[in-house]
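>>> Provided below for reference: sequence and predicted model.
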Amino acid sequence: MKSFWNKISVVVMALSLAITTSSFAQQPGTTSYKCMIQMTNYMGEGAYIVISLINGKGAYEKTLYVLGSDKKWYPDVKEWHKAMAKKTPNISAITGASVAGGDRSVTVLEIDNSKLNKDYKIRFESAVEDKQYHVKDLEIPLTTEALSAKNEGTGYIRYVRFSPN
Amino acid sequence: MKKLLIAFITVFSLSAQAQKNTLLDQSFWQNKPDVSLIKAEVEKGNNPSQLNPAGFDPVVMAINAGASNEAITYLLAQPGNDVNKLTHDGRIYLHWAASRGNVEIMDYLISKGSKANQEDNHGMTVLNFAATGGQQNTQVYEICLRNGANLKKDLNHDGANALLLAVANDKDLKLTDYFVSKGLDLKSTDAAGNNVFSYAARSGNINTMKVLLQRGVSANDNAMLMASQGSRRGANTLEVYQYLESLNLKPTVRGKNGENVLHAIVRRPRQNEIIQYFLSKGVDVNQADDEGNTVFMNAAASNRDISVLEMLMPKVKDINQANQKGVTALALAVKGNSPEAVGYLLSKGADVKVTDKNGDNLAAYLVQSYSSGSGEGRPGGPGAKPEDFEAKLKMLQEKGFDVKAPQKNGNTLYHLAVAKNDLSLLKRLESLQIDVNARNKEGLTALHKAAMVAKDDTMLKYLLSIGAKKDIPTSFKETAFDLASENESLAKSQVSVNFLK
């Protein structure tokens, strides 16, 4: 386990180095991260989770991934849905299945290099039919450090782990 | 042996007792129990705040059954019954009290902090929910309006206001008049442009439609589509459609999402005469809605009457046409229709080797259709039997379907059955000789998945008994034991997971 995380941190360091280089050279690109969401064993239907990039003002900057494909339930992810109503993005390429209690989901997030280690956050917003909605089930700063740690959720998410893709 | 039997019987009867909460029994409430009887049941250990699988709790049942307000307030005082508690379809108690016209309980709930602008899962505020049910007591609406409701701004997810929602159950247009007097426009429309005439068409009340026309509301083609949707109470009659046609509304109209009238009608049972009527009017069974579903695909998905499929089949251009998710009529039938419907599609050349856009093959749809037979289980449609699983599988195999082929994401039937958390389904797979230790693309075996989602140890022990290995690590270097140790359901019911070590 330990050697695994050592390896990860080496990769993350290499990655952050690469990112520094690219931003220094003014070449904004994106880096893909594997994101594993582990759910708690809550009772109820599959959870809809929206992963968003949040800017320094606390506003939705970009939708990174949507777990749950039936549009009918999007209004349940209240704040995101409200924010999107004005600028409906095409999310078909970044939409996956909803996640059931206890299960996990591995998705790949494309993150703009220029946003890393600036004043941005990644928000995990969750909703389950007939159950409480969590606007910030988990919210982490978009920093190299946070992207290499295990981050605990507060609602239906038990934890989230990132790894380089 | 005898001891074992006694122990078994004891456990069985105990668990049977634990499952049965008198306060969640409809018949208990139908008998209008007085508060002392309810108290006695609570003292016997029946939980006054338990939610049933549909999300109803004793308070909601008491309100809906018209129990005395004394009984309702007693239940509301019990721990776990906060005024903001979410129940069926995301409704709070105020929704139910308003719908029942119980103004006294409404006042009580509001005094305890209940919010009238709370929306349910369909975007219905308390006022709109009461209006949808046709609640005639306008005091209900007055209370909501005094407590934050806004008739013009409070719309459901379709963009409909209270006037549109109420008309289906508003025979004398009393509520319509009331909402007009409160400032709503009789010519209001929802986001799709449906007006009050269209909403009346949905419930099929010809008299109401006639009165609305007299009052200057126009009838437009969308009304035909709204009529085809029908209401919760049932489908509309041929007479309703003929009335709409007599107003020169187009039977071939298409809605905002590309659907025609048959998209909805073919989903309901006993519509053969109406389907025939619309076919004769030129409604196209190959027309796809925005999600790519044709009329025929909708019928294959859920209509258990083979004669409907036979009626549509001669007009179908391509039986293997897929919707935008890559799902064909056969996949839909495997998931939600009978073995007979699956057999019919196979006899007409439906392809068994299809995979959807996620790379899931028909095995994934077969697993989704399975219901162990207890309860009303929606998967597989009404009347689905556990044996349908084998019946459908056999038909598919006869046409060359390979049941051992994993999905593109590496999931085998074992992974899929575990995800359904159903031991009886798992046991049905044994004869298929699928590798129980296969890892999916995320590096998980069926045992890993079971360790994560299990609610007790039966599924895990069964997998071990058929050769599942405990020491395979996930790509995060976790063993099944590690995963089971994190499982809150197992911890909560104090199930030891040491047998996974």
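Everything's here; your move.

>>> which residues sit in contact with the one residue sitting closest to the centre of chain A?
With distances taken as CA atoms, centre = their mean, residue A:51 lies nearest the centre of chain A, 4.0 Å away. By CB atoms under 8 Å, 6 or more residues apart in numbering or on different chains, the residues touching residue A:51 are A:35, A:63-67, A:107, A:109, A:122-125. C-beta: built from backbone N, CA, C; applies to glycine.

>>> that one belongs to a helix?
No. Read with DSSP: H, G, I helix; E, B strand; the rest coil, residue A:51 is strand and lies in no helix.

>>> who's it bridged to?
Beta bridges link residue A:51 to residue A:65, residue A:124, judged by DSSP bridges.

>>> please report the distance of it from residue A:92.
Here residue A:51 is placed at a distance of 16 Å from residue A:92 (CB to CB, to the nearest Å).

>>> cool, and residue B:476?
Distance from residue B:476 to residue A:92, by CB to CB: 29 Å.

>>> between these two, point out the one with more neighbours.
Neighbour tally, residue B:476 and residue A:92, criterion other CB atoms under 10 Å in any protein chain shown: the higher count belongs to residue B:476, 19 against 10.

>>> so the more buried one, which state does it fall into?
Assigned with three-state DSSP, residue B:476 falls in the coil class.

>>> please verify my assumption that it contacts residue A:161.
Yes. In this structure, residue B:476 is within contact of residue A:161 by CB atoms under 8 Å, at 7.0 Å.

>>> chain B contacts on chain A?
A:1, A:4, A:36, A:38, A:40-42, A:69, A:75-76, A:97, A:100-104, A:106, A:129-132, A:158, A:161 (CB under 8 Å from any CB of the partner chain).

>>> just to revisit the earlier point, same list (the contacts of residue A:51) but as a markdown table, adding pLDDT and neighbour count.
What follows is the contacts of residue A:51, written out as a markdown table (pLDDT from 0 to 100; neighbours: other CB atoms under 10 Å in any protein chain shown):
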| residue | pLDDT | neighbour count |
| --- | --- | --- |
| A:35 | 95 | 22 |
| A:63 | 95 | 19 |
| A:64 | 95 | 22 |
| A:65 | 96 | 22 |
| A:66 | 96 | 24 |
| A:67 | 96 | 23 |
| A:107 | 93 | 19 |
| A:109 | 94 | 19 |
| A:122 | 97 | 26 |
| A:123 | 98 | 20 |
| A:124 | 98 | 27 |
| A:125 | 97 | 25 |
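
>>> and which of those residues is nearest to residue B:409?
Residue B:409 lies nearest to residue A:107 out of those, by CB to CB, at 12.3 Å.

>>> quick one, what contacts that closest one?
Applying CB under 8 Å, 6+ apart, the residues near residue A:107 are A:34-35, A:37, A:51, A:65, A:67, A:96.

>>> what's the farthest-apart pair in those?
A:34 and A:67 (14.4 Å).

>>> what's the helix or strand residue B:396 falls within in contact with?
Element membership for residue B:396, per DSSP states H and E: helix B:388-398. Under the contact criterion CB under 8 Å, 6+ apart, helix B:388-398 has outside partners B:334, B:338-339, B:342-343, B:346, B:352, B:362, B:366, B:369-370, B:380, B:401, B:403, B:425, B:428.

>>> does stretch B:255-267 reach chain A?
No. Stretch B:255-267 lies out of reach of chain A by CB under 8 Å from any CB, never closer than 10.3 Å.

>>> what is the neighbour count of residue B:31?
When neighbours are defined as other CB under 10 Å, residue B:31 has 10 of them.

>>> now it. Its backbone dihedrals?
The phi and psi values for residue B:31, taken as degrees, to the nearest 10, are phi -80, psi 10.

>>> any idea how far chain A is from it?
Residue B:31 is 27 Å from chain A, where distance means CB to the nearest CB, to the nearest Å.

>>> show me where pLDDT drops low in the stretch 101-250 of chain B?
Scanning the stretch 101-250 of chain B for pLDDT under 70 picks out no residues.

>>> spell out which residues of it are next to chain A.
Taking CB under 8 Å from any CB as the criterion, the neighbours of chain A within the stretch 101-250 of chain B are B:121, B:123, B:157.

>>> how many residues are close by the first one?
Other residues within reach of residue B:121 by the criterion other CB under 10 Å amount to 19.

>>> ok, the second one next?
Residue B:123: 17 surrounding residues under other CB under 10 Å.

>>> can you tell me the closest non-neighbouring residue to it?
Distance criterion CB to CB, 6 or more residues apart in numbering or on different chains; nearest residue to residue B:123, sequence neighbours excluded, is residue B:157 at 3.9 Å.

>>> and the one you found, what element?
Using DSSP H and E, residue B:157 sits in no helix or strand.

>>> residue B:349 falls within a strand, correct?
No. Applying three-state DSSP, one finds residue B:349 to be coil, outside a strand.

>>> what ranges does the stretch 51-200 of chain B have for its strands?
Remark: no strands are assigned in the stretch 51-200 of chain B by DSSP state E, counting those that start in this stretch.

>>> how about chain A?
A:30-39, A:48-54, A:60-67, A:95-96, A:104-112, A:121-127, A:134-141, A:150-152, A:157-164 (DSSP state E).

>>> quick check: angle from the third one to strand A:48-54?
Per axes from the mean of the first three to the mean of the last three CA atoms, to 10 degrees, the angle that strand A:60-67 makes with strand A:48-54 is 150 degrees.

>>> ok, residues contacting strand A:60-67?
By CB under 8 Å, 6+ apart, the list of residues contacting strand A:60-67 reads A:35, A:37, A:47-55, A:80, A:83-84, A:89, A:91, A:94-99, A:105, A:107, A:109-112, A:115, A:120, A:122.

>>> again, only this time at 6 Å
With CB atoms under 6 Å, 6 or more residues apart in numbering or on different chains as the test, strand A:60-67 has contacts from A:49-53, A:55, A:83, A:89, A:91, A:94-96, A:98-99, A:105, A:107, A:109.

>>> one more: the longest one?
Residues external to strand A:30-39 that are found in contact with it (CB under 6 Å, 6+ apart): A:99, A:101-113, A:156-163, A:165.

>>> buried ones from the residues of chain A next to chain B, can you make that a PyMOL selection?
The buried residues among those can be selected in PyMOL (16 or more other CB atoms under 10 Å in any protein chain shown) with this line:
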select buried, chain A and resi 36+38+40+41+42+69+75+76+100+101+102+103+104+106+129+130+131+158+161
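
>>> isn't there a helix covering residue B:212?
Yes. Counting by three-state DSSP, residue B:212 is found in a helix.

>>> for it, grab the count of nearby residues.
24.

>>> what about the residue lying closest to it once chain neighbours are set aside, distance to chain A?
Leaving out its chain neighbours, the residue that sits closest to residue B:212 by CB to CB, 6+ apart is residue B:197, at 5.0 Å. Counting by CB to the nearest CB, the gap from residue B:197 to chain A is 26 Å.

>>> any idea whether residue B:461 is helix, strand or coil?
Put simply, residue B:461 is helix when judged by three-state DSSP.

>>> and it, how many residues sit next to it?
Using other CB under 10 Å, residue B:461 is surrounded by 15 other residues.

>>> so for the residue nearest to it when sequence neighbours are not counted, what's the pLDDT?
Nearest non-adjacent residue to residue B:461, counting by CB to CB, 6+ apart: residue B:499, 7.0 Å away. pLDDT recorded at residue B:499 is 96.

>>> surely residue B:499 is within a strand?
No. Read with three-state DSSP, residue B:499 is helix and lies in no strand.

>>> for chain A, see how far away it is.
18 Å.

>>> nearest spatial neighbour of the residue in the stretch 301-450 of chain B that chain A sits nearest to, skipping sequence neighbours?
Using CB to the nearest CB, the single residue of the stretch 301-450 of chain B nearest to chain A is residue B:442, 5.2 Å away. For residue B:442, ignoring the flanking residues on the chain, the nearest one in space by CB to CB, 6+ apart is residue A:106 at 5.2 Å.

>>> any idea what the one you found is bridged to?
Under the criterion used (DSSP bridges), residue A:106 bridges to residue A:36.

>>> now it: how far from residue B:410?
Here residue A:106 is placed at a distance of 12 Å from residue B:410 (CB to CB).
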